[in-house]
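Peer 1: Dropping the sequence and predicted coords here.
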Amino acid sequence: MPRARSGGAREVALPAVLAALSLLLLYGASIAPSGRMGLVALSGLVPAAAVVSGGLHAGLLCYGAAGILGLLLVPDKGSALLYLLFFGLYPVIKSRAERLRTRLAEYGLKLLCFNLALTILWFGFRGLFLPFLPEALRMTALVYLVGNPVFLVYDFGCSKVISLYVARLGRRLGK
């Protein structure tokens, strides 16, 4: 009987463990509604660790597993949808966008991704998110005007967290 490659097991185990962590954070978002958005955003950083440690394939596995399990297991489907439509997928898109030749193309792709996800969430699932928005942000134009700068701050913070992860843990994980 042929022996299994240990690299193959690692290629599945790392994204699985990180998906479990992401799912735990999503579940926490449904328990602590006052920190909901922060925990969902934090759960979205976990696939970034998978991309850094195991590559694009690992990031997609982590995102897919946590997203599907989130829809099935997390009581707050809004948190699972936020993860599935934006926060979980964004690290994978970010890793590809940052390989583009110009900053204009990079940020253009990132903003396109954000605005597409925001449009789907806003017009498709508005009822899930309106109870959590302040009254002033319930107007569509304001959501986009406020959302884009907040997204750019999130992107900057995400980059800093990824850099810290690479500096502290990347070498231990074979990067």
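Peer 2: Great, that's in hand. Note that the coordinates shown come from a computational prediction; the quantities given were computed from them, not determined experimentally.

Peer 1: From here on, just use CA atoms for contacts and neighbour counts.
Peer 2: OK.

Peer 1: just how off-centre is the host helix or strand of Gly44 within its chain?
Peer 2: Take DSSP states H and E as the rule and Gly44 turns out to sit in helix 36-54. From the chain centre to the centre of helix 36-54 is a distance of 5 Å (CA atoms, centre = their mean, to the nearest Å).

Peer 1: Following that helix in sequence, what is the next regular element?
Peer 2: Following helix 36-54 in sequence, per DSSP H and E, is helix 56-73.

Peer 1: Next, the angle from that following helix to helix 36-54.
Peer 2: For helix 56-73 against helix 36-54, the angle by axes from the mean of the first three to the mean of the last three CA atoms, to 10 degrees is 150 degrees.

Peer 1: List the buried residues in helix 56-73.
Peer 2: Using 16 or more other CA atoms under 10 Å as the test for burial, helix 56-73 gives 56, 58-68, 70-71.

Peer 1: Centre of the chain to it, how far?
Peer 2: 10 Å.

Peer 1: who does that helix touch, helix- and strand-wise?
Peer 2: Applying 3 or more CA pairs under 8 Å, 6 or more residues apart in numbering; DSSP states H and E, one finds that helix 56-73 contacts helix 6-31, helix 36-54, helix 77-82, helix 90-97.

Peer 1: Let's see that with 6 Å instead.
Peer 2: Helix 56-73 is packed against helix 6-31, helix 36-54, with contacts defined by 3 or more CA pairs under 6 Å, 6 or more residues apart in numbering; DSSP states H and E.
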